[in-house]
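Chemist: Predicted model follows, preceded by the sequence.
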Amino acid sequence: MQVPIVTPADFVTQLGEESSTQTVIQWSLERFADQKMVLSTGFGMEGCALIEMYAAHQKPLDIIYLDTGFFFKETHELIEKLKTRHPHLNFINRGTTLTPEKQADLFGDELWKRDPDLCCQLRKVDPMREALKEVDVWVTALRRDQSANRAGVELVEWNWKYQVVRICPLAEWSRQEVWDFVKSQQVPYNELHDKNYPSIGCTHCTKPVVGSAGNYYSRKGRWSGSAKTECGLHT
């Protein structure tokens, strides 16, 4: 078992109990300058905001994402906008090589309807595990108030599932704060957020939530009709 290269206690010792998001970001870039650090995103609003914050430091950084083969066209369009906006960042698709057609051959049609957990395992969790094998530090845009499963997220913690340090600079943010930042900095974000999609995943498993606006977050539109609310990456 790998020994953690940093613990929450180390972080508190270095920066103190109260640390701003910008302080955490600056600390992460300096503390892990000689180690492999990546920022992963599914290109939700939080991810776009966090990319903007790291990009402002003008340092190279790998931005990894998992193209499941079922991205919305708006998500693909957003990726291209962010690549153009931040040419010094390296956007890397670490999605599965299992094509939708091959998945259907192996597991039958519409696996996402019959066994969404397996579909997420194949198209998200397994690829992420592979992507993080050679990584020391994993930056994510998780927020505590996104769901009960994320309520305990720390700014800095050791993630035993993937054996990496996980940093969540936006852990204490609200969706309203994210929305305010995105609007004030003119950060590109997924157009689906303006069409009642508070959270965006795959085309087959993401539905709009009537009445939602950009400053509203909910998992209700994900895996609609089932009790599932997480893909498994962060559980």
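Modeler: In hand now; what should we look at?
Chemist: C-alpha from now on. contacts and neighbour counts both.
Modeler: OK.
Chemist: ok, L82 - contacts?
Modeler: For L82, the contact set (C-alpha atoms under 8 Å, 6 or more residues apart in numbering) comprises P188.
Chemist: Contacts only, for A213.
Modeler: Taking C-alpha under 8 Å, 6+ apart, we find A213 in contact with 193-198.
Chemist: got it, and G201?
Modeler: Residues counted as contacts of G201 (C-alpha under 8 Å, 6+ apart) are 42, 71, 222.
Chemist: Now W112: closest residue in space, sequence neighbours ignored.
Modeler: Distances taken as C-alpha to C-alpha, 6 or more residues apart in numbering place C119 nearest to W112, at 5.5 Å, with adjacent residues excluded.
Chemist: So what touches the helix or strand containing the one you found?
Modeler: Using DSSP states H and E, C119 falls within helix 116-120. Outside helix 116-120, the residues that touch it by C-alpha under 8 Å, 6+ apart are 111-112, 223, 231-232.
Chemist: Who are the packing partners of the helix or strand following that helix?
Modeler: Counting by DSSP H and E, the element after helix 116-120 in chain order, helix or strand, is helix 126-131. The criterion is 3 or more C-alpha pairs under 8 Å, 6 or more residues apart in numbering; DSSP states H and E, and there are no helices or strands that helix 126-131 contacts.
Chemist: export helix 126-131 as CSV, just CAs?
Modeler: Provided in CSV are the C-alpha atoms of helix 126-131 (Å, rounded to 0.1, in the frame of the first residue of the first chain):
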residue,chain,number,x,y,z
ASP,A,126,-12.1,1.8,-14.9
PRO,A,127,-10.7,4.5,-17.2
MET,A,128,-10.1,6.9,-14.3
ARG,A,129,-8.3,4.2,-12.4
GLU,A,130,-6.0,3.7,-15.4
ALA,A,131,-5.5,7.4,-15.9
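Chemist: All set now, cheers.
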